[in-house]
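Engineer: Model the structure of this input:
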Amino acid sequence: MRILVVEDEHRIANSIKKGLEQERYVVDVAYNGSDGFDLASTEDYDVIILDLLLPKMDGLKVCRKLREEGKHTPILILTAKGQIQDKVTGLDSGADDYLTKPFSFEELLARIRALTRRPKNSLPVVLTVEDLQLNTQNFEVKRGKQIILLSNKEFSLLEYLMRHAHQTLTKEQIISHVWDYDADILPNTVEVYIRNLRRKIDLPFKDKKALLHTVRGFGYKIGD
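Structural biologist: Model prediction:
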């Protein structure tokens, strides 16, 4: 899953990014409200973590503008302003949840999981394609009864493919969802990771049909 962190305190923003990446999320960071709004309105995210006291455009304005434009991405407000009225104002502006600084990283993770479990997002914990299963909570991947070990980026790629099972995804779509906005991606990077995945989820299972397919001239898909 892909998360946008909009936080002007670089230490906090980078700490959240590092922690979430260790949990296998793809994370983009914006250090002011204007850049955060631009990313949130043009890119596709599963959750937005949004500070309120931001330079260039405050968090409440970012939240309101996104909702006015029809963006329904779950927004978690993260701020030092912990008064009841501050929370009410934030939620009334269109936010889905509110977490006050200082906070525990475990609570942040739990709130992110809760937001992505809401019905409107339809993000199941266990993804299944044929006999391949991916658990987004404990990061276990298995085909049949055999456990498959993946790197963080391989896991993110497989999760994105499985969330869009039976659909052809272009390289551009894959890059924008599996790598962060500032990543320096070489032209054949996606091909390399697809090849690595195929070696792990298809090639060892000679008696089963291949799940990962290259659609010539278009991209890749998992499932028929």
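Engineer: Run through this structure and note the low-pLDDT ranges.
Structural biologist: Using pLDDT under 70 as the threshold, the predicted model of the chain has low-confidence ranges 82, 86-87, 90, 118-124, 187.
Engineer: now do 80
Structural biologist: Low-confidence segments of the chain, defined by pLDDT under 80, span residues 80-93, 117-125, 137, 180-184, 186-187.
Engineer: so where do the strands sit in it?
Structural biologist: Counting by DSSP state E, one finds strands in the chain at the ranges 2-6, 26-30, 47-50, 75-79, 97-100, 126-129, 132-135, 141-143, 146-148, 212-215, 219-222.
Engineer: Which one, of the ones you listed, ends up nearest to Val178?
Structural biologist: Val178 lies closest, by CB to CB, to one member of the strands of the chain: strand 26-30, at 6.0 Å. In this view, the C-beta of every residue, glycine as well, is placed from N, C-alpha and C.
Engineer: hmm, who's touching the closest one?
Structural biologist: Residues outside strand 26-30 that contact it (CB atoms under 8 Å, 6 or more residues apart in numbering): 1-7, 13-14, 16-17, 20-21, 36, 38-39, 43, 45, 156, 177-182.
Engineer: Select from those every entry located in helices.
Structural biologist: When those are checked against helices using DSSP state H, the ones located there are Ala13, Asn14, Ile16, Lys17, Leu20, Glu21, Gly36, Asp38, Leu39, Ser156, His177, Val178.
Engineer: quick one: which of the residues you listed is most hemmed in?
Structural biologist: Neighbours here are counted as other CB atoms under 10 Å. On that basis the top member of the ones in helices among the contacts of strand 26-30 is Gly36, with 28 neighbours.
Engineer: for it, what are its contacts?
Structural biologist: When the contact criterion is CB under 8 Å, 6+ apart, the partners of Gly36 are Leu4, Val6, Ala30, Ile48, Leu50, Leu54, Met57, Val62.
Engineer: would you turn the residues you listed into JSON lines with distance to Ala95 and neighbour count?
Structural biologist: Listed next are the contacts of Gly36 as JSON lines, based on distance: CB to CB, whole Å; neighbours: other CB atoms under 10 Å:
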{"residue": "Leu4", "distance to Ala95": "14", "neighbour count": "24"}
{"residue": "Val6", "distance to Ala95": "12", "neighbour count": "29"}
{"residue": "Ala30", "distance to Ala95": "17", "neighbour count": "25"}
{"residue": "Ile48", "distance to Ala95": "9", "neighbour count": "27"}
{"residue": "Leu50", "distance to Ala95": "7", "neighbour count": "28"}
{"residue": "Leu54", "distance to Ala95": "14", "neighbour count": "25"}
{"residue": "Met57", "distance to Ala95": "15", "neighbour count": "17"}
{"residue": "Val62", "distance to Ala95": "10", "neighbour count": "29"}
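Engineer: Perfect, I'm done here.
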